[in-house]
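In: Sequence first, then the predicted structure, then my questions.
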Amino acid sequence: MRILFYLTDTHWTGAARAFQSAAQGLADRGEPVTVVCQEGAAIGELLRGTGVDVVTMPTVGSVAGDAWRMRAVLKAKFVEVAFLHTDHEHLVVSSAMRLAERGAIIRRIPAGGVVSANRSLKLAGRMSASRLLFSTESDRARSAASDHGLVAPLSVNVSALQNARETSRAALGVADDVQLIVCVVDQLARSRINTALRTLALLAERHRELRLVLVGHCENVDDTRMHAAALGVTRFVEFIGERVDMSAVLAAADVGWVAAEGDDGAFACLDFMAARVPVIAERSPLLSTFVPDGIAGVLLPRADPSDTASAVAQFLADDGKRLAMGNAGRTRALRDFSDRAMVDGFAAAADAAGDRTQWAAR
């Protein structure tokens with residue numbers, strides 16, 4: 001099966017990580033895999049020299065222009081199945097497949113996402129055979145298009161984080177006596193970041209060794225720094241932005257705070273659990289899927305920061321509780337979210353979409 005992954009976003013996000021892991025896993029199994037991305041995209045830089053064929057293609061925003069360039073790639077690589085995420089990517093590849101007279105599309109819905117049967121999706125579906133790929137069974141069940149839905153669960157390489165703590169803390173320059181909270185953020189996490197900062201402000205006076213590291217793709221960095229300054233906690237906070245070694249960064253934490261949602265939030269939960277780091281997050285249907293409340297972490301209702309500060313303070317004060325929750329999280333990650341499961345899901349989806357009789361129906 002000749003498989004293509006198309007990603008127009010240049011940032012290192014959970015969606016990019018899912019495609020990078022799947023592409024590498026399928027290539028390691030001997031499948032011919034091509035990744036199409038923009039020049040300089042994080043996923044392309046990570047995959048070069050790994051056995052995955054990386055093709056750079058600029059995105060100009062015109063469906064017709066992008067589709068014409070994609071058509072050449074589809075024909076040159078004899079692509080049978082293409083994975084993608086967005087409306088624009090779906091229209092581009094479906095148009096290119098119509099022109100190339102070959103192939104099927106699998107549109108991956110980010111973790112916790114819902115399918116919007118908009119005009120773009122319907123048009124793309126008429127031009128090429130399309131299926132939907134979800135990260136959880138509950139996501140598929142919520143979808144109105146569940147009969148076309150497939151599942152590839154998110155997963156993590158647990159063994160890679162077996163003894164990562166000391167190395168990760170040294171790489172970040174974190175002293176042994178520092179109590180480190182690592183908070184994973186995304187573009188929509190502003191209110192949850194503010195909660196983390198206000199919680200830190202309430203705790204900092206009694207926990208002088210406390211530090212908060214914010215990691216992830218977020219464009220509101222200046223606002224975050226201003227808010228930290230207004231709360232008087234600037235010296236306790238560091239924003240390190242996107243990191244392709246996200247798993248290693250999270251392994252340095254004493255407490256993991258998940259402010260992100262979607263793929264970023266889901267992967268954060270898995271990384272923290274794999275590294276034996278207890279998790280704190282606001283309760284949501286998605287995060288509840290990964291973190292058993294009271295066992296691998298604490299899922300909080302939307303609340304006053306003083307309530308959140310109380311929960312975090314208990315975490316920091318009770319080494320035994322953190323250790324027990326960390327061990328429980330790692331056990332869950334090993335049992336339910338092994339790195340093989342996601343690649344198996346993508347492989348099964350590719351096989352299901354490779355039915356050529358469905359291509360001819362378009």
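Out: Thanks, I have the structure now. Residues are numbered from 1 along each chain as shown.
In: Which residues are in contact with the nearest residue to T10 once chain neighbours are set aside?
Out: Using C-beta to C-beta, 6 or more residues apart in numbering and skipping residues adjacent in sequence, the residue nearest T10 is A41, 4.3 Å away. No exception for glycine: its C-beta is placed from N, CA and C like everyone else's. Going by C-beta atoms under 8 Å, 6 or more residues apart in numbering, A41 touches 7, 9-10, 16, 56.
In: Stretch 324-340: how far from the chain's middle?
Out: Relative to the centre of its chain, stretch 324-340 is centred 17 Å away, using C-alpha atoms, centre = their mean, to the nearest Å.
In: what ranges do the strands span in this protein?
Out: Along the chain, the stretches classed as strands by DSSP state E are 3-6, 33-37, 53-56, 81-84, 104-108, 129-134, 149-151, 179-184, 210-215, 237-241, 255-258, 279-282, 297-300.
In: Check the ones you listed for me and report the most buried one.
Out: strand 255-258 (a mean of 29; mean count of other C-beta atoms under 10 Å).
In: name the helices or strands packed onto that strand?
Out: Using 3 or more C-beta pairs under 8 Å, 6 or more residues apart in numbering; DSSP states H and E as the contact test, the elements touching strand 255-258 are strand 179-184, helix 262-274, strand 279-282, helix 305-317.
In: What pairs with it, parallel or antiparallel?
Out: Its sheet considered, strand 255-258 pairs with strand 179-184 (parallel), strand 279-282 (parallel) by DSSP bridges.
In: Nearest to M246 among those would be which one?
Out: strand 179-184 (7.8 Å; C-beta to C-beta).
In: CA-only coordinates of that closest one, as PDB, when you get a sec.
Out: Output in PDB follows, covering the C-alpha atoms of strand 179-184 (Å, rounded to 0.1, in the frame of the first residue of the first chain):
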ATOM      1  CA  GLN A 179       9.600  21.500  42.400                       C
ATOM      2  CA  LEU A 180       8.800  21.700  38.700                       C
ATOM      3  CA  ILE A 181       5.400  22.000  37.200                       C
ATOM      4  CA  VAL A 182       5.400  21.600  33.400                       C
ATOM      5  CA  CYS A 183       2.200  23.000  31.800                       C
ATOM      6  CA  VAL A 184       1.400  22.000  28.200                       C
END
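In: With adjacent residues omitted, what lies nearest to R243?
Out: The shortest distance from R243 to any non-neighbouring residue, by C-beta to C-beta, 6+ apart, is to V249 (5.2 Å).
In: hmm, back to that, and M70, which of the helices and strands packed on strand 255-258 is closest to it?
Out: Using C-beta to C-beta, these put helix 262-274 closest to M70, at 23.6 Å.
In: now for that closest one, which elements pack on it?
Out: If you count contacts as 3+ C-beta pairs under 8 Å, 6+ apart, helix 262-274 packs onto helix 14-28, strand 179-184, helix 246-250, strand 255-258, strand 279-282, helix 285-290, helix 319-336.
In: That one versus strand 104-108: what angle between them?
Out: Orientation check (axes from the mean of the first three to the mean of the last three C-alpha atoms, to 10 degrees): helix 262-274 against strand 104-108 gives 70 degrees.
In: Could you export helix 262-274 as PDB, CA atoms only?
Out: The C-alpha trace of helix 262-274 is given here as PDB (Å, rounded to 0.1, in the frame of the first residue of the first chain):
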ATOM      1  CA  GLY A 262      -7.200  18.200  21.300                       C
ATOM      2  CA  ASP A 263      -4.200  16.200  20.200                       C
ATOM      3  CA  ASP A 264      -1.800  18.300  22.200                       C
ATOM      4  CA  GLY A 265      -3.700  17.700  25.400                       C
ATOM      5  CA  ALA A 266      -4.100  14.000  24.800                       C
ATOM      6  CA  PHE A 267      -0.400  13.500  24.000                       C
ATOM      7  CA  ALA A 268       0.500  15.500  27.100                       C
ATOM      8  CA  CYS A 269      -1.500  13.200  29.300                       C
ATOM      9  CA  LEU A 270       0.100  10.100  27.700                       C
ATOM     10  CA  ASP A 271       3.700  11.500  28.000                       C
ATOM     11  CA  PHE A 272       3.200  12.500  31.700                       C
ATOM     12  CA  MET A 273       1.700   9.100  32.600                       C
ATOM     13  CA  ALA A 274       4.500   7.300  30.700                       C
END
